[in-house]
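Asker: below are the sequence and a predicted model for it; my questions follow.
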Amino acid sequence: MPRIDLHLHTTYSDGSHSPDEVIQFAHEAGVTALAITDHDTVEGLPEAMAAGERLGIEIISGTELSSRYEGRETHILGYFFDWQDATFEARLTELRESREQRNPRVVEKLNQLGLDISYEEVKAKAGAGSIGRPHIAAVLVDKGYVTSTKDAFDRYLADGAPAYVERESPDTREAITWIREAGGVPVLAHPHWTKRKGPELVEMCSTLKEAGLMGIEVFYSTHTKRQTSEYLELARKLNLLMTGGSDFHGTAKPGIYVGRGKGDLKVTDKLLESLRTASRV
Ligand code: AMP
Ligand code: ZN
Ligand code: FE
Ligand code: FE
């Protein structure tokens, strides 16, 4: 059974490899279809599509939107939407602008804490893509203030840490609506991030389903067997589509491989047709 990967990041957000390189890795891993899901952008798609065509890999339109549900950051993946939709593009631009508002303030806080880092250095790390905390983390690693991205988040950048700055982000229900309006399929990313399980997670997913949610990311690099079966059960119970992917970021998240996660991830292509059918594109 061919494998697919529906959760991948590139240099267009906080991944360390270009779409071209990511698709080369996918080819080597035997992946037959994939979605690049860069945070709040679709700018990597044209490059991805060109590489996909060259290597015979189907490229599905994808993105990962940062939103907020009951005070907690919640990621919504979107698939099979019209990536050239002008309204959707305008919404993505707004989301990226809210990053522009927050990130310099994070740098300011770090400066107040005595760390010598500038926003120019962060922008240089991010290149042309949407700027995120992992880019700030990378500068902190380079300068020797922390030992890894994780260390940077734990000590400074995570929600509740001393340099955390809340970002203006849409309500999760709104993010779901945006993807639906562009003809796509909205999916709750890495459900364990919600810090909810059991009945609380069921309740959250039911509420989001009423708002238009169509799927849940069941297969994911770091999910335990127990988590995978809980999410599988949840998808069946609420009649949500199942998706899966590695959440590959390259060196920003070491030990996670395209199409294979930590080594034992396998997302089969049989999930793909129901996603395609569910979309309006
Ligand atoms: P941002 O998009 O700027 O809000 O940054 C969020 C991204 O940072 C997430 O998508 C993850 O890739 C990464 N991230 C969040 N929390 C952590 C953490 N505790 N350790 C490492 N990376 C993290
Ligand atoms: Zn990321
Ligand atoms: Fe995410
Ligand atoms: Fe992701």
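Answerer: All right, it came through fine. Ligands and ions are numbered 1, 2, ... in the order given.

Asker: show me the contact partners of stretch 216-228.
Answerer: 6-7, 77, 187-192, 205, 231-232, 234-235, 238, 240-247, 256, 261-262, 265-267 (C-beta atoms under 8 Å, 6 or more residues apart in numbering). Where C-beta positions appear, they are placed from N, C-alpha and C, glycine not excepted.

Asker: tell me how many other residues crowd the residue in the chain positioned nearest to ligand 3.
Answerer: Of all residues in the chain, H75 sits closest to ligand 3, at 3.7 Å by C-beta to the ion. H75 has 22 neighbouring residues, counting by other C-beta atoms under 10 Å.

Asker: residues contacting it?
Answerer: H75 touches E64, L65, S66, S67, L188, A189, H190, W193, counting by C-beta under 8 Å, 6+ apart.

Asker: my guess is the last one contacts T74, does it?
Answerer: Yes. Look at W193 against T74 with C-beta atoms under 8 Å: they come within range, at 7.2 Å.

Asker: these two - which one has more neighbours?
Answerer: A count of neighbours by other C-beta under 10 Å puts T74 above the other of W193 and T74, at 23 against 14.

Asker: the more buried one: which element?
Answerer: strand 72-79 (DSSP states H and E).

Asker: any idea which helix or strand comes after that strand?
Answerer: Per DSSP H and E, the first helix or strand lying C-terminal to strand 72-79 is helix 86-112.

Asker: that next one: how far from the chain's middle?
Answerer: 16 Å (C-alpha atoms, centre = their mean, to the nearest Å).

Asker: near ligand 2, anything from that helix?
Answerer: No. Using C-beta under 5 Å from the ion, helix 86-112 stays clear of ligand 2, coming no nearer than 12.0 Å.

Asker: for the nearest residue to Q101 once chain neighbours are set aside, give me its contacts.
Answerer: Excluding the flanking residues, the one nearest Q101 by C-beta to C-beta, 6 or more residues apart in numbering is E168, at 6.8 Å. Applying C-beta under 8 Å, 6+ apart to E168 gives the contacts S98, Q101, R102.

Asker: weed out the non-buried ones from those.
Answerer: With neighbours counted using 16 or more other C-beta atoms under 10 Å, the contacts of E168 contain these buried positions: R102.

Asker: helix/strand/coil for the residue most central in space within the chain?
Answerer: For the chain, E64 is the residue whose C-alpha lies nearest the centre (C-alpha atoms, centre = their mean; 4.2 Å). What DSSP: H, G, I helix; E, B strand; the rest coil gives for E64 is strand.

Asker: and the residue of the chain closest to ligand 4?
Answerer: For the chain, C-beta to the ion, closest residue to ligand 4: D247, 4.4 Å.

Asker: mind telling me what element I216 is part of?
Answerer: strand 215-220.
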